[in-house]
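K.L.:
With the input below, show me the fold.
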Amino acid sequence: MNHPFIVIMGVSGCGKTTIASSLAEKLGGRYLEGDSFHPPENKEKMGAGIPLTDEDRWPWFDELRSAASEAINDGKTAVLSCSALKQVYRDYLFQGFDEPRLVYLEGSFDLIKSRMDARNHEYMTSTLLKSQFDTLEEPQAEANCLAVSIELSPEEILEQIESWLSAAEVSNG
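P.N.:
Next comes the predicted model:
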């Protein structure tokens, strides 16, 4: 059985952690919380309201790829929650993986801002949300990509992802 690398992506506050951790549990995979791989200096910048630069991100992406490879080598599906806002980031994350899968959790600025304002996060605040939307390059429809509206319940989102993954597995034989 093949073990894909699944990235749950979207701007902060869209529900990546909830969906990715639940999906990993349902699949018996390994959940990778992208934020936990940030070095302290990245967390300090974001905590000060300073958006990360690409130079800040590349070493972080290397850590994420390494963790995903380790999970797959251990016979697990790797399920990563990561903003992965630009296409170049997604391409870099997926380099060297046979079965990358991307799930884009899409929602409006207003909906996500209202959710962020209602929660407490280590360093990500709704003030950084605008810069994330400015940076976001929505993924194009591809065989390895599924876009799901965050207006659905987490259970409905998970059902859509599981159906999509099952259909992909069948078509890949």
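K.L.:
okay, now residue 129: neighbour count?
P.N.:
Residues lying near residue 129 (other C-beta atoms under 10 Å) number 19. Backbone N, C-alpha and C define where each C-beta goes, glycine included.
K.L.:
Are we agreed that it is in a strand?
P.N.:
No: counting by DSSP: H, G, I helix; E, B strand; the rest coil, residue 129 is not part of a strand but helix.
K.L.:
any idea how far the residue lying closest to residue 149 once chain neighbours are set aside lies from residue 36?
P.N.:
Excluding its sequence neighbours, the residue lying closest to residue 149 (C-beta to C-beta, 6 or more residues apart in numbering) is residue 106, at 6.0 Å. As judged by C-beta to C-beta, to the nearest Å, residue 106 and residue 36 stand 24 Å apart.
K.L.:
Settle it for me: which of the two has more neighbours?
P.N.:
Ranked by neighbour count (other C-beta under 10 Å), residue 106 and residue 36 place residue 106 first, with 17 against 11.
K.L.:
Run through the residues that contact that one.
P.N.:
Residue 106 makes contacts with 10, 14, 138, 147-150, as judged by C-beta atoms under 8 Å, 6 or more residues apart in numbering.
K.L.:
Strands of this protein, residue ranges please.
P.N.:
Remark: strands assigned in the chain by DSSP state E are 5-9, 30-33, 78-81, 100-106, 145-149.
K.L.:
Figure out which of those strands is closest to residue 93.
P.N.:
strand 5-9 (6.2 Å; C-beta to C-beta).
K.L.:
so what strands line up beside that closest one?
P.N.:
strand 78-81 (parallel), strand 100-106 (parallel) (DSSP bridges).
K.L.:
With mean pLDDT and distance to residue 167 added, can I get these in TSV?
P.N.:
Below are the strands paired with strand 5-9 laid out as TSV (pLDDT from 0 to 100; distance: least, C-beta to C-beta, whole Å):
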stretch	mean pLDDT	distance to residue 167
strand 78-81	98	18
strand 100-106	96	12
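K.L.:
follow-up on the earlier one: with distance to residue 65 as new columns, can the strands of the chain be given to me in JSON lines?
P.N.:
As requested, the strands of the chain are exported to JSON lines (distance: least, C-beta to C-beta, whole Å):
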{"stretch": "strand 5-9", "distance to residue 65": "9"}
{"stretch": "strand 30-33", "distance to residue 65": "10"}
{"stretch": "strand 78-81", "distance to residue 65": "9"}
{"stretch": "strand 100-106", "distance to residue 65": "11"}
{"stretch": "strand 145-149", "distance to residue 65": "18"}
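K.L.:
what sits up against stretch 17-28?
P.N.:
Stretch 17-28 is contacted from outside by 6, 8, 29-33, 35, 76-77, 79-81, 103, 105, 154, 157-158, 161-162, 165, using C-beta under 8 Å, 6+ apart.
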